[in-house]
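Asks: From the sequence below, what's the structure:
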Amino acid sequence: MANKKNKVTAKRGMTYHNTRLLLKIFRNCNMNLYESMEVHREDFKKEFDIDDISEYLDALGEAGLDFKGAAKLEGHARAMLRTKEMLNLIRVAAEVVRNTNAKGELYYSILYHAYLSHEQPPKSLHENIERVQGDGHYKINGLNYKGIYYADRKKAIELIGDALWGYTSRKAINILNNFLPEK
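Replies: The predicted structure follows:
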């Protein structure tokens with residue numbers, strides 16, 4: 001029974017820190033944030049006399065939320081601010097991978113083309129490899145990069161996950177469960 005409970009706990013931990021799933025929804029979240037900002041642009045202009053919601057959200061994040069009685073927009077602004085901060089956190093984590101690893105440029109290129117760019121997502125593995133090759137990686141002619149690409153993508157996702165959640169979060173879950181058993 002205890003073994004089953006540990007597996008459930010481990011699975012929940014892996015789901016909670018599912019970096020690949022987070023990256024898969026990144027592009028949609030980014031697009032939804034942009035669309036939400038466009039939908040509410042007129043409301044913010046009327047209420048606060050501003051044209052750029054993005055600058056307003058930055059100011060809110062730095063100075064704290066102050067809506068001057070505009071309760072109608074408060075929920076929208078809070079949601080947009082949280083989303084924007086989450087997306088920025090993922091971008092910063094990708095930059096950490098890029099700047100702190102010997103193969104960081106390759107890993108960043110893989111993450112960027114597969115998940116982070118504003119362009120249409122690649123329709124196939126071959127198209128994704130071509131985009132990474134366009135950045136100067138995987139240049140040996142005639143070599144099948146499928147296996148190499150998958151291994152590099154897995155490592156890139158693992159590294160950005162370490163940057164987001166902390167190095168020990170996935171690797172030490174079993175050790176933590178031994179020290180902090182559930183009651």
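Asks: Test my guess that Trp165 contacts Thr19.
Replies: Yes. With contact defined as Cβ atoms under 8 Å, Trp165 and Thr19 form a contacting pair (7.4 Å). Placement of C-beta: from N, CA and C, glycine included.
Asks: which of those two has more neighbours?
Replies: Neighbours were counted for Trp165 and for Thr19 using other Cβ atoms under 10 Å; Thr19 has more, 22 against 17.
Asks: Could you check how far the closest residue to the more buried one other than its chain neighbours is from Lys155?
Replies: Counting by Cβ to Cβ, 6 or more residues apart in numbering, Thr19 lies nearest to Gly161, which is 3.5 Å off, once chain neighbours are set aside. To Lys155, Gly161 is 10 Å away according to Cβ to Cβ, to the nearest Å.
Asks: who has more neighbours, the two?
Replies: When Gly161 and Lys155 are compared for neighbours, Gly161 comes out ahead with 21 against 16, by other Cβ under 10 Å.
Asks: ok, Tyr115 touching Cys29?
Replies: No. Using Cβ under 8 Å, Tyr115 is not in contact with Cys29, being 10.9 Å away.
Asks: More neighbours: which of these two?
Replies: Neighbours per residue (other Cβ under 10 Å) separate Tyr115 from Cys29, with Tyr115 holding more: 22 against 15.
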